[in-house]
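[1] sequence first, predicted coordinates after that:
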Amino acid sequence: MITSIARTSWLNLRRDRAAAVLSFVVPLVFFSIFAGIFAGQRNSTSKVRVAIADEDRSPESKKLIDALARESSLEVRRGPDSKQPAIRFDARSVDEYVRKGSAPAAIVIPKGYGAAPFRFGGTSAGPRFRILADSSDPVASNVISGMLQKVVMTAAPASMIRAGTRELDRWSGGLTAQQKSTIEQNISTFEKRPAAEKGSGGTIVGIDVVDVLGKSKKNPIVAFYAAGIGVMFLLFTASNAGGALLEEAESGTLDRILSTRVTFTQLLLGKGLYLWTLAVTQLTVMFLWGALVFGLELRSHLAGFVLMTAATAVATSAFGLLLAALANTRQQLGAISTLVVLSISALGGSMFPRFLMPAGLQKVGLVLFNAWAIEGFTRVFWREEPLSSLAVPILVLLAFGVAFFAIARRLARRWEVA
Amino acid sequence: MQPLQIEDVVKSFGERRALDSVSLELREREILGMLGPNGAGKSTLVRTMMGRVSPDSGSVRIFGQTAPAGDTESRRAVGVVPQEIALYPLLTVRENLGVFGRYHGLDGSALEESVNKALHWAGLTDRAADVTKTLSGGMKRRLNIAAGVLHEPRILLLDEPTVGVDPQSRERIYEMIESLRERGVSILYTTHYMEEAERLCDRIAIIDHGRIIAMGTQEALVSQTIGGAREIVLDCDMAPGAAAAAALADRGASIDGTRIVIRAEKPAETMAEILAVAAKNALPIRDLSMKRPTLENVFLHLTGRELRE
Ligand SMILES: Nc1ncnc2c1ncn2[C@@H]1O[C@H](COP(=O)(O)OP(=O)(O)OP(=O)(O)O)[C@@H](O)[C@H]1O
Ligand SMILES: [Mg+2]
């Protein structure tokens, strides 16, 4: 008896091909997406991008930059535009670069680095390195500060220590040849030793890590998750609610509605409007909760929030209609939307920030409207960019919305007249 | 000018021909029944009239005007009651009527008034505030019909409006529909219950395999197909003896134990003869009856099949 019940269920699943395929395909797709995201992490192809401003402009600082550039785990940017290598970063432009999210962190090589060489402990008042970090990516700033230490201590000028030795030589009134050779020996051993042993933390090289973003924020990472999770659930709600259309087609209600003065385009627009208001409400509730419970600064970012919410809701509601128009049954809709929503949420950065993904996957995000929504919210709440910076994300979202609606309208023709 | 005219409508779904050159007209203030078995094409024809099915060829005219598929403008005078319960189950009765009234372009006091009227007409006034899914099956059916007449259409298309409804509730629905006819509405009534067509309809079209195979009043249909012939059934207390059986068989009777069935072209004469045979052979008669031919018989005559397979 029990086996016949199980058998009946299998039979049902087999009849609904789409659902059957999806119940096996969805896990595979997810496995692949996450494998892609996380494999890329450990893979040497995923480099941490670092912008470097050289305020010293000495041969030593140039050497240091070259050494950093040779590091396989770093992708060094010397100027804001790779096509114009002549334009180099300065302290201000590099700060802006990080604020915009173009790199998770930057190094500022201080003036006097070449002249006043290596100092122990960084306790003396000499020039100190600054790392400008976007604290949303704590990994990056740690990696960079570690690398900087290593490079300064090894590839970076042993010559600097030698320069120090020369000074010592002068002060002490001359080192003996034997003393000199001992130092020389020590230097070469030092060069061979792994970086980690050379001192813990930032004690050897003077480094100040400056949080250029989210300094004033009580709980900055909340902004990310409010946007990411908010947009993902918007998609689920939209596709679910879009399914009402399928129900109406099945129950004959669609027949009845279309026998009134309501045209099909009006019907679809009406559903879209409903989804839009639903999405706006959902995001508002999400961010209000974030503000009340997690100290998200909603009030000071109200204008950006309103603009981004309105535009995001246009895209997600049209997307819901599109999914509903694609599916033939409620079950199919469920399966399709699980697949599509989870995939684009993963790739679009709802579950895992996009800037931590391998470069290839990051590019995929550019064609995903939800990535643009998250990007827009990030610009508002995280980078605190001016409203004008929202023009592109908003236009992209609106364009996606219009396109989705147009396709949904076309697909829905099959309901219109048989 | 007839309220509704269908001319030579053909519609196929893939290989399957659902409508095969169907022509019919709905006259002013009549209830035209459309009777046919499952899959005959009734719903497809109604949906063609509604403009939800686009025919491969042929035309639909409403008050003389061509009404292309998908066009709602030419169908303003048409009300529709789908075969399914096409209502929002979570809304109340009044809300449902309000919704569809608004879709028909009503609002304000006109809407209120037409909703109240429809509630009264369907006998649902005291259930107005109830959530629709909590109604009984018969009430849902009545509400389903009421939602189609809010805008006071001059033509009403009903697709099997009494499916799954018990006989008493059905009678209630017939009365609702007859009151519409009195108000001057022309009604197309689709059904596969023959009794329903007989009870309610002024004219009947019989549809099978997408074709209209007969159309007219019930009497006309009977005389066109079965003609004057009637079936006479004689029940005896005992089986007829050999002589009586031979005499009855001479008149085309089929004998099954104590029951004798005779198909008679001239029923009055045949009946007299049967009585004479019975008297002569001292055959004790329990019951003698002549059945009025039904649409069932008409259908059987036309297709060689029972209406309900
Ligand atoms: N949208 C459709 N797609 C494919 N075939 C269809 C479609 N609609 C109807 N048909 C087919 O057309 C034929 C007529 O169907 P229709 O629904 O008109 O029958 P009906 O007379 O209303 O039957 P019932 O009494 O069961 O309601 C059937 O064979 C049906 O399978
Ligand atoms: Mg039907």
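    That came in fine, so what should we check first? Numbers count the residues shown, from 1 in each chain, chains lettered A, B, ... in the order given. Ligands and ions are numbered 1, 2, ... in the order given.
[2] distance from the chain centre to the longest strand anywhere in chain A, please.
    With secondary structure taken from DSSP state E, chain A has its longest strand at strand A:48-54. What separates the centre of strand A:48-54 from the centre of its chain is 18 Å, taken as Cα atoms, centre = their mean, to the nearest Å.
[3] tell me the helix or strand right after it.
    helix A:59-70 (DSSP states H and E).
[4] strand partners of the next helix-or-strand element following that following helix, parallel vs antiparallel please.
    The C-terminal neighbour of helix A:59-70 among helices and strands, as given by DSSP H and E, is strand A:74-77. Here strand A:74-77 has these sheet partners by DSSP bridges: strand A:48-54 (parallel).
[5] quick one: contacts of the strand it pairs with?
    Strand A:48-54 has contacts (Cβ atoms under 8 Å, 6 or more residues apart in numbering or on different chains) with A:61-62, A:65, A:68, A:73-78, A:88-91, A:93-94, A:97-98, A:102-109, A:139-140, A:143-144. (Each C-beta comes from the backbone N, C-alpha and C, glycine too.)
[6] which of the residues you listed count as buried?
    Burial by neighbour count, judged by 16 or more other Cβ atoms under 10 Å in any protein chain shown, picks out A:61, A:65, A:68, A:74, A:76-78, A:88-89, A:91, A:94, A:97-98, A:102-109, A:140, A:143-144 from the contacts of strand A:48-54.
[7] so which of those sit within helices?
    A:61, A:65, A:68, A:91, A:94, A:97-98, A:140, A:143-144 (DSSP state H).
[8] which ones are touching residue 103?
    Using chain A. Contact analysis of residue A:103 by Cβ under 8 Å, 6+ apart lists A:49-51, A:77, A:97, A:134.
[9] hmm, no, I was thinking of chain B.
    Each residue near residue B:103 by Cβ under 8 Å, 6+ apart is listed here: A:257, A:260-262.
[10] do you know the pLDDT at it?
    Looking at residue B:103, its pLDDT reads 92.
[11] same check on residue A:257?
    90.
[12] show me where the chain has strands.
    Chain wasn't specified; assuming chain A. For chain A, the strands defined by DSSP E occupy A:48-54, A:74-77, A:105-109, A:129-133, A:207-211.
[13] was after chain B, sorry
    Going by DSSP E, chain B shows strands at B:4-13, B:16-26, B:31-35, B:57-62, B:65-66, B:78-81, B:155-159, B:186-191, B:203-208, B:211-216, B:230-236, B:253-256, B:259-264, B:285-291.
[14] now the shortest one, how far from the chain's geometric center?
    The chain centroid and the centroid of strand B:65-66 are separated by 26 Å, computed with Cα atoms, centre = their mean.
[15] quick one: it near chain A?
    No - Strand B:65-66 stays clear of chain A (Cβ under 8 Å from any Cβ of the partner chain), getting no nearer than 15.3 Å.
[16] contacts for that strand, please.
    Defining contact as Cβ under 8 Å, 6+ apart, one finds that strand B:65-66 is touched by B:59-60, B:74.
[17] as JSON lines, those residues with neighbour count would be great.
    Shown next, in JSON lines, are those (neighbours: other Cβ atoms under 10 Å in any protein chain shown):
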{"residue": "B:59", "neighbour count": "14"}
{"residue": "B:60", "neighbour count": "24"}
{"residue": "B:74", "neighbour count": "16"}
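[18] nearest to residue B:280, of the residues you listed?
    residue B:60 (62.4 Å; Cβ to Cβ).
[19] surely that closest one and residue B:3 touch.
    No - look at residue B:60 against residue B:3 with Cβ atoms under 8 Å: they stay out of range, at 11.6 Å.
[20] pLDDT score assigned to residue 89?
    Assuming you mean chain A. The model reports residue A:89 with a pLDDT of 87.
[21] that's the wrong chain, I wanted chain B
    90.
[22] would you mind measuring from it to ligand 1?
    21 Å (Cβ to the nearest ligand atom, to the nearest Å).
[23] got it, and residue B:202?
    Distance of residue B:202 to ligand 1, given as Cβ to the nearest ligand atom: 21 Å.
[24] same question for residue B:292.
    From residue B:292 to ligand 1 the distance is 25 Å (Cβ to the nearest ligand atom).
[25] how many neighbours does that residue have?
    Residues within reach of residue B:292, counting by other Cβ atoms under 10 Å in any protein chain shown, total 11.
[26] without its sequence neighbours, what residue ends up closest to it?
    Closest residue in space to residue B:292, ignoring its immediate chain neighbours: residue B:230 at 7.9 Å, by Cβ to Cβ, 6 or more residues apart in numbering or on different chains.
[27] right, and that neighbour touches residue B:297 too?
    No - the criterion here is Cβ under 8 Å, and residue B:230 misses it with residue B:297 at 9.9 Å.
[28] in the stretch 151-300 of chain B, what residue is nearest ligand 1?
    Nearest to ligand 1, among the residues of the stretch 151-300 of chain B, is residue B:192, at 5.1 Å (Cβ to the nearest ligand atom).
[29] give me every residue that touches that residue.
    When contacts are counted by Cβ under 8 Å, 6+ apart, residue B:192 touches B:35-38, B:40, B:42, B:160, B:307-308.
[30] repeat that with 6 Å
    Residues near residue B:192 by Cβ atoms under 6 Å, 6 or more residues apart in numbering or on different chains: residue B:37.
[31] give me the pLDDT for it.
    As predicted, residue B:192 sits at a pLDDT of 86.
[32] next one: it from residue B:26, what distance?
    Distance, residue B:192 to residue B:26, by Cβ to Cβ, to the nearest Å: 19 Å.
[33] same deal with residue B:45?
    Distance, residue B:45 to residue B:26, by Cβ to Cβ: 11 Å.
[34] which of those two has more neighbours?
    Set residue B:45 next to residue B:26 and count neighbours by other Cβ under 10 Å: residue B:45 wins out with 30 against 23.
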